[in-house]
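S.K.: Please find the sequence and the predicted model below.
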Amino acid sequence: MVTGVEAGREDAFDAAGFAVAKHMISAFATPIVNYRWQDADRHNAALQSLILELERSAPGVERSNVGGWHSDLGFLERRDDCVVGLRRRLQAFVRALNATVLDENAGRRPEDFTLQGWANVLRRGGYNGPHSHPNAFWSGVYYVTGNETLAGHPFSGKLELVDPRPGASLNYAEQTRLYGRFLLSPTAGQMILFPSWLQHWVHPYHGDGVRISIAFNVTLG
């Protein structure tokens, strides 16, 4: 039983505050980068035109995509001005990202990496099944077009990053920051990067237009 004196002391303790956030450590965190290129519109028009032309002229390949079109893995090696510009931007960003995570004694420099990318086109009914990217360090996607918001299809075309903690969903606590799904409805010019081991997928697209993106892998050299 709590006496009046003890209860008063407890209230005083609470009033003082514990500054809990200052003492919280985030262990095994998964870094996810969400960045939007501010002047992307003028580049995206050229990228969209090029990718749709490639779709018409090449059969594409099948990887995680179910339906839709997936270019070969050499898209970022093309000499088209729009691709060269995108590649340079990605390289500069990855250098900065690597500098934030590489140990200063690692023996690698932030620029010691290779970049490989491919274009994706989704039309109605197309999607990408759950998958990860083996043998890479970072994986990412740049969005040439946005994702339509459709009544009756709340998940249409959304990117989902799958929680890697096996037991995370066992404690049903949707109203807290400790539980939930990471879903993203991308906009044109948006770029997402994450560790390549992180499983992810794209929900079936139900729009009338096209959903165009450029996915890429970063391998440390």
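M.R.: Ah, there it is.

S.K.: Quickly note the distance from the spatially closest residue to G209 that is not a sequence neighbour to A188.
M.R.: Closest residue to G209 apart from its sequence neighbours, by CB to CB, 6 or more residues apart in numbering: E148 at 6.8 Å. Where you see a C-beta, it was placed from the backbone N, CA and C, and this is true even at glycine. Distance check for E148 against A188: by CB to CB, to the nearest Å, it reads 12 Å.

S.K.: where does the residue nearest the centre of the chain land in three-state SS?
M.R.: Centre of the chain computed as the mean C-alpha position; nearest residue by CA atoms, centre = their mean is I192, 3.4 Å away. Recorded secondary structure, I192: strand (DSSP: H, G, I helix; E, B strand; the rest coil).

S.K.: can you list the weak-confidence ranges in this protein?
M.R.: 1-17 (pLDDT under 70).

S.K.: That one: helices as residue ranges?
M.R.: Assignment of helices within the chain using DSSP state H yields the ranges 4-16, 41-57, 81-101.

S.K.: C-alpha coordinates for the longest one, CSV please?
M.R.: As requested, C-alpha coordinates have been extracted for helix 81-101 and formatted as CSV (Å, rounded to 0.1, in the frame of the first residue of the first chain):
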residue,chain,number,x,y,z
ASP,A,81,22.9,13.4,-70.8
CYS,A,82,20.0,12.7,-68.5
VAL,A,83,21.5,9.4,-67.3
VAL,A,84,25.0,10.9,-66.9
GLY,A,85,23.5,13.7,-64.8
LEU,A,86,21.6,11.2,-62.6
ARG,A,87,24.7,9.0,-62.2
ARG,A,88,26.9,11.9,-61.1
ARG,A,89,24.2,13.0,-58.5
LEU,A,90,23.9,9.5,-57.2
GLN,A,91,27.7,9.1,-56.9
ALA,A,92,28.1,12.4,-55.0
PHE,A,93,25.3,11.4,-52.6
VAL,A,94,26.7,7.9,-52.0
ARG,A,95,30.1,9.4,-51.2
ALA,A,96,28.5,11.6,-48.6
LEU,A,97,26.5,8.7,-47.2
ASN,A,98,29.5,6.4,-47.0
ALA,A,99,31.4,9.1,-45.2
THR,A,100,28.8,9.0,-42.4
VAL,A,101,29.0,5.2,-41.8
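
S.K.: what angle sits between that helix and helix 41-57?
M.R.: Orientation check (axes from the mean of the first three to the mean of the last three CA atoms, to 10 degrees): helix 81-101 against helix 41-57 gives 110 degrees.

S.K.: Quick check: which helices or strands does helix 81-101 pack against?
M.R.: Here helix 81-101 touches helix 41-57, strand 113-122, strand 138-143, strand 190-195, strand 211-220, going by 3 or more CB pairs under 8 Å, 6 or more residues apart in numbering; DSSP states H and E.
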